[in-house]
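>>> I'd like to go over a predicted model; first the sequence, then the structure.
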Amino acid sequence: MSDARRLVRGLGLIGTVALVVGNMVGTSVYTLPASLAKATGPFGVVAWAFVAFGYLFVALVYARLGTRFPRTGGPYVYARHAFGDLTGFITVWSYWASAVIGNGAIVTGAVGYIVGFSPLLAGSAALRFALAIALVWGLCLLNIRGVRQSGRVQTVVMFLNLVPLVLVAIAALSHFDAANLHPFAPNGFGSIAVGASLVVWAYSGIESATVPAEEVQAPERTIRRGTMIGYWVGTFVFLLTAIAVAGSMPNDVVAGSARPIALAAEQALGSWAGTIVGLAAVAAALGTLNGWILMSGRIPLSAAEDGLFFRPLAAIHPKYGTPAVGLVVGALVTSAMLLLYFSRSLLGVFDFIVLLSVLTTLLPHLLAAAAEFALARRTDGSPTNSRIIAAIAFLFILYTMYGVGWTVIGWGTLLVVAGLPLYWVLRRPAVSGKQ
């Protein structure tokens, strides 16, 4: 029996839904309304709806693939099964790099929200760095102790995030004024491409139920249900808050605020509501960080076991049954990114790397959709709608990748190419062993 098969199945349906929702409904929902207001005006609501429609097909792809191939690693497993080792490596390389680098941005966002409640933290980069390190390693240790413990935390955090957010959005709707939606598309209807490229980041994590597949209870049912329930819960929250914010305040007010949802809450309920939103945002950030730290240990697990990634990352903790080495290595990379706190000149570079890491989450989605299409064609009796769903998901992800701009796409391509020498180095022992 391989190490990967000694993982503990401790993630039930509620924990799986919490993982998907927590990785989707993170800090982005609290800041995106302002970015959309600048880029698209009230038309941003349409961008939300457009992306929600496109990601329905992406969710269906993962729900189907996760059920057919319930092995830890998610997109890597499907890409390798459909297209071979090289495509599998490209998938896991870009996906893992995105997760461990992106976690630096997530914890930075969490610290940023916490700073709002502590003037002492606001005045000290060293204290902010120490807090960020403590959060990363605290959650890393929690995940080493078991997926069940991490899932419980994720479930609690999900409710601490969603309940205040939904209640505030409903209250804000009582101040809805159609006049706030005019002009509806000040930058033209073509701005939907820019709007979609912003909104798509919120849906990063839709694949979360498939990544720890071997730790999910009854994966043949739970992965599909967890993915689809998570999609619908996240979409409901996204659209509700988008409509509430756009309709309750003038567009220039939304665009000029760093905390648009808190502003809507204060307008509807009073200043105390803004504090509640701030606390909910902290919960959202911690939930997202916990979820993606969990993912960082599972993303490379099967690839490492197959000899297509660093083999030590396949090690399973003998007591807790978790990919402890992968979790620790991921936390080390994230911690290295946080050293940029001490260099003002590198902060711009850090922001760019974060954007690049988010782009690379789209590549695994693209390859997963292609894998679903290819595998459906090879399977006798596979329903035609599976290929249609996969084709729509593929074209949608391709369109959103185009929306981020050619500069970032170019750098993303270089990141993938930079990993290719690693692929040949890692495969050499396996190839030599066959001779």
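Okay, I see it. Keep in mind that what you see is a predicted model, and the values were worked out from it rather than measured.

>>> Surely residue 389 forms part of a strand?
No: assessed by DSSP: H, G, I helix; E, B strand; the rest coil, residue 389 does not belong to a strand; its assignment is helix.

>>> thought it was touching residue 58?
No: the pair residue 389 / residue 58 is not scored as a contact, 9.2 Å apart, by C-beta atoms under 8 Å. (Each C-beta comes from the backbone N, C-alpha and C, glycine too.)

>>> Output stretch 177-195 as CSV, restricted to C-alpha atoms.
Only the C-alpha atoms of stretch 177-195 are listed here, as CSV (Å, rounded to 0.1, in the frame of the first residue of the first chain):
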residue,chain,number,x,y,z
ASP,A,177,-32.1,53.1,-5.2
ALA,A,178,-32.3,52.5,-9.0
ALA,A,179,-30.8,56.0,-9.5
ASN,A,180,-27.5,54.6,-8.2
LEU,A,181,-27.3,52.3,-11.3
HIS,A,182,-27.1,55.2,-13.7
PRO,A,183,-25.1,55.4,-15.9
PHE,A,184,-25.2,51.6,-15.9
ALA,A,185,-22.1,51.0,-18.1
PRO,A,186,-20.0,54.2,-18.1
ASN,A,187,-17.1,52.4,-19.7
GLY,A,188,-19.2,50.6,-22.3
PHE,A,189,-20.4,47.1,-22.5
GLY,A,190,-17.0,45.9,-23.7
SER,A,191,-15.8,46.5,-20.1
ILE,A,192,-17.2,43.1,-19.2
ALA,A,193,-13.9,41.5,-20.2
VAL,A,194,-12.1,43.6,-17.6
GLY,A,195,-14.9,43.0,-15.0
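
>>> Would you mark the buried spots in it?
Buried residues in stretch 177-195, counting neighbours by 16 or more other C-beta atoms under 10 Å, are found at 180-181, 185, 191-195.

>>> For it, give the mean pLDDT please.
Within the predicted structure, the mean pLDDT of stretch 177-195 is 88.

>>> can you offset everything so residue one is 39?
Shifting the count to begin at 39 puts that one at stretch 215-233.

>>> which residues touch that stretch?
Outside stretch 215-233, the residues that touch it by C-beta atoms under 8 Å, 6 or more residues apart in numbering are 74, 77-82, 84-86, 88, 284-289, 437, 440-441.

>>> Return the list of helices and strands in contact with the helix or strand where residue 319 lies.
Assigned by DSSP states H and E, residue 319 falls within helix 309-336. Contacting helix 309-336 under the criterion 3 or more C-beta pairs under 8 Å, 6 or more residues apart in numbering; DSSP states H and E are the following elements: helix 51-62, helix 66-77, helix 123-153, helix 163-183, helix 185-211, helix 298-307, helix 362-376.

>>> May I see the buried residues of the shortest one?
Residues of helix 298-307 classed as buried by neighbour count (16+ other C-beta under 10 Å): 298-307.

>>> possible to save those residues as CSV with distance to residue 349 and pLDDT?
Supplementary listing: the buried residues of helix 298-307 in CSV, determined by distance: C-beta to C-beta, whole Å; pLDDT from 0 to 100:
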residue, distance to residue 349, pLDDT
298, 47, 88
299, 45, 90
300, 47, 88
301, 51, 89
302, 50, 91
303, 50, 91
304, 53, 91
305, 55, 89
306, 55, 89
307, 54, 91
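
>>> and of those, the nearest to residue 64?
Closest approach between these and residue 64, by C-beta to C-beta: residue 299, at 13.1 Å.

>>> ok so, going back, if you compare the helices and strands packed on helix 309-336, which one is most tucked away?
helix 51-62 (a mean of 27; mean count of other C-beta atoms under 10 Å).

>>> from the chain's centre, how far out does it sit?
On the basis of C-alpha atoms, centre = their mean, to the nearest Å, the separation between the geometric centre of helix 51-62 and that of its chain is 11 Å.

>>> what angle separates that helix from helix 309-336?
110 degrees (axes from the mean of the first three to the mean of the last three C-alpha atoms, to 10 degrees).

>>> Show me where the stretch 239-388 of the chain dips below the pLDDT cut-off.
Applying pLDDT under 70 to the stretch 239-388 of the chain picks out residues 379-388.

>>> hmm, back to that, I'd like the helices and strands packed on helix 309-336 as CSV, with distance to residue 456 appended.
Converted to CSV, the helices and strands packed on helix 309-336 look like this (distance: least, C-beta to C-beta, whole Å):
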stretch, distance to residue 456
helix 51-62, 26
helix 66-77, 27
helix 123-153, 9
helix 163-183, 25
helix 185-211, 31
helix 298-307, 38
helix 362-376, 15
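
>>> So for residue 414, which of these sits nearest?
With C-beta to C-beta as the criterion, residue 414 lies closest to helix 123-153 of the helices and strands packed on helix 309-336, at 16.8 Å.

>>> Just want the angle from that closest one to helix 309-336.
Angle, helix 123-153 to helix 309-336, by the same axes, to 10 degrees: 150 degrees.

>>> C-terminal to helix 123-153, what's the next element?
Moving toward the C-terminus from helix 123-153, the next helix or strand (DSSP H and E) is helix 157-160.

>>> quick one on the thing from earlier: between residue 427 and residue 96, tell me which one has more neighbours.
Shown here are residue 427 and residue 96; by other C-beta atoms under 10 Å, residue 96 has more neighbours (30 against 23).

>>> From residue 113, how far out is the more buried one?
Applying C-beta to C-beta, to the nearest Å, the value for residue 96 to residue 113 is 11 Å.
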